[in-house]
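>>> build me a structure from this.
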Amino acid sequence: MDQYIIYLGFIVAAYAVIANDVIQTLGTFISSNANVKWWLLWGFAGSILTVTLVYGWYINGGDVSYGRLSNIPLPNPMPWWYLLAPISLVVITRFGIPASTTFMILSVFSSSQLIEKMILKSVFGYSLAFVAAFVLYLILTKKFESPASIRLMDKKKQRPYWLVAQWFSTGFLWSQWLIQDFANIFVFLPR
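You can find the predicted model right below:
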């Protein structure tokens, strides 16, 4: 029974985590590239996923979680109620409620000290991101929110380097999400 819970947890967590995070990272990219063939967009996202997975496996000696699970032991035996976290994430995602996949999945496996560290890192990270985004907004808004710059937003007049920058930044963001998501997914499997 324990093996079934481990593999079912892995499968449900994989679906739940990717379904929740893919729309946040690839949603605007896909929508803004609606004129690009769907298979090219899928190929791009799939190649980033493959490279991130293979690179993590190779660099970390078979640990695709990039070392994020080294402090989180796998329970033996695996309790059935550990499945409630990924199942809840599927339901929450289905209703469009934003959720932290890390807190939903990894918190079930973590000690209270580890959860405290996760919360502190998140609070500091979100605070830093908020301050940086606000400062950048104040600096850049004067240049890009003038009537002349709004005319430049016409897709037909955009310079090609913006498209290249969009694809590179999306690829980088997608790879970073995947690195974190691999820990959330592979937490169910033996280390």
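>>> what residues are up against the most centrally placed residue in the chain?
Nearest to the centroid of the C-alpha atoms of the chain, with distances taken as C-alpha atoms, centre = their mean, sits residue 177, at 2.9 Å. Going by C-beta atoms under 8 Å, 6 or more residues apart in numbering, residue 177 touches 21, 24, 25. All C-beta spots, glycine's among them, are computed from the backbone N, C-alpha and C.
>>> got any ranges where this structure has weak pLDDT?
Applying pLDDT under 70 to the chain flags the ranges 1, 111-114, 144-159.
>>> sticking with residue 48, tell me its helix or strand.
Using DSSP states H and E, residue 48 sits in helix 38-59.
>>> could you list the residues in contact with that helix?
22, 26, 29-30, 33, 63-66, 167, 171, 174-175, 178-179, 182.
>>> cool, and stretch 9-16?
Residues contacting stretch 9-16 (C-beta under 8 Å, 6+ apart): 78, 82-83, 85-87, 89-90, 93, 101, 105, 184-189.
>>> list the buried residues in it.
9, 10, 12, 13, 14, 16 (16 or more other C-beta atoms under 10 Å).
>>> can you check stretch 163-180 too?
170, 171, 174, 175, 177, 178, 179, 180.
>>> got a markdown table for these, with secondary structure too?
Below are the buried residues of stretch 163-180 laid out as a markdown table (DSSP: H, G, I helix; E, B strand; the rest coil):
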| residue | secondary structure |
| --- | --- |
| 170 | helix |
| 171 | helix |
| 174 | helix |
| 175 | helix |
| 177 | helix |
| 178 | helix |
| 179 | helix |
| 180 | helix |
